[in-house]
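Engineer: give me a 3D structure for the following:
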Amino acid sequence: MANITFITVGTLKEKYLSDAVAEYTKRLSQFAKVDEINLKEERIRDEDDGSEVRRALSAEGEKILASVPKGSAVVALCVEGKQYDSPELSSIVGKMCDERGRIAFIIGSSHGLSDEVKRAADLKLSISKLTFPHQLMRVILAEAVYRAFTILAGKRYHK
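Structural biologist: Numbering: from 1, shown residues only. Next comes the predicted model:
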């Protein structure tokens, strides 16, 4: 059984979003052992100060990289990542599971991810050209990973 870790920055405040993440995590658990690591978002005093944002991203990046389970394939969600359809993502997830047995999916804060995290990633993934709140992206990612495993298992969920 594969090991999946979702590493996210920030908290889910809305119950409907945390309920949705919990539902897809529960469904995914039939295919993989699932762990969630939620890290605190760094405080930024001036959102318009680029150096302040970079400092926060760097601090978050250190915490993220320290949280990645040893031996994991690392998938960083970022704007400059590559987009895949569901069968393609399923194939990539299957290959990562076969090769490493564990995958860490990373969602940064509302400011994104540090360059260090992006460089450490085995795959930079973009879910869409559209912009989504990072809290909603947790739901979308959990569903996409669940869908990938149902495709690998030959289930009818993916149509």
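Engineer: C-alpha only now, for contacts and for neighbours.
Structural biologist: Will do.
Engineer: point out where the chain drops to low pLDDT.
Structural biologist: Across the chain, the ranges flagged by pLDDT under 70 are 158-159.
Engineer: now do the strands in the protein.
Structural biologist: Ranges of strands in the chain, per DSSP state E, are 2-9, 32-39, 73-82, 102-107, 123-125.
Engineer: got the CA positions of the second one in CSV?
Structural biologist: Only the C-alpha atoms of strand 32-39 are listed here, as CSV (Å, rounded to 0.1, in the frame of the first residue of the first chain):
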residue,chain,number,x,y,z
ALA,A,32,-3.1,4.3,0.4
LYS,A,33,-2.1,5.3,3.9
VAL,A,34,-2.8,9.0,4.1
ASP,A,35,-1.2,11.6,6.4
GLU,A,36,-1.8,15.3,6.5
ILE,A,37,0.7,17.8,7.8
ASN,A,38,-0.7,21.3,8.2
LEU,A,39,1.9,24.0,8.8
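Engineer: what angle sits between it and strand 2-9?
Structural biologist: Strand 32-39 runs at 20 degrees relative to strand 2-9, counting by axes from the mean of the first three to the mean of the last three Cα atoms, to 10 degrees.
Engineer: what's next to strand 32-39, contact-wise?
Structural biologist: 1-11, 25, 28, 60, 63-64, 67 (Cα atoms under 8 Å, 6 or more residues apart in numbering).
Engineer: pretty sure residue 28 sits against residue 149.
Structural biologist: Yes: using Cα atoms under 8 Å, residue 28 is in contact with residue 149, at 7.5 Å.
Engineer: these two: who's more crowded?
Structural biologist: residue 149 (25 against 21; other Cα atoms under 10 Å).
Engineer: ok, now how distant is that one from residue 10?
Structural biologist: With distances taken as Cα to Cα, to the nearest Å, residue 149 is found 26 Å from residue 10.
Engineer: common neighbours of residue 28 and residue 149, please.
Structural biologist: With Cα under 8 Å, 6+ apart as the test, residue 28 and residue 149 reach no residue in common.
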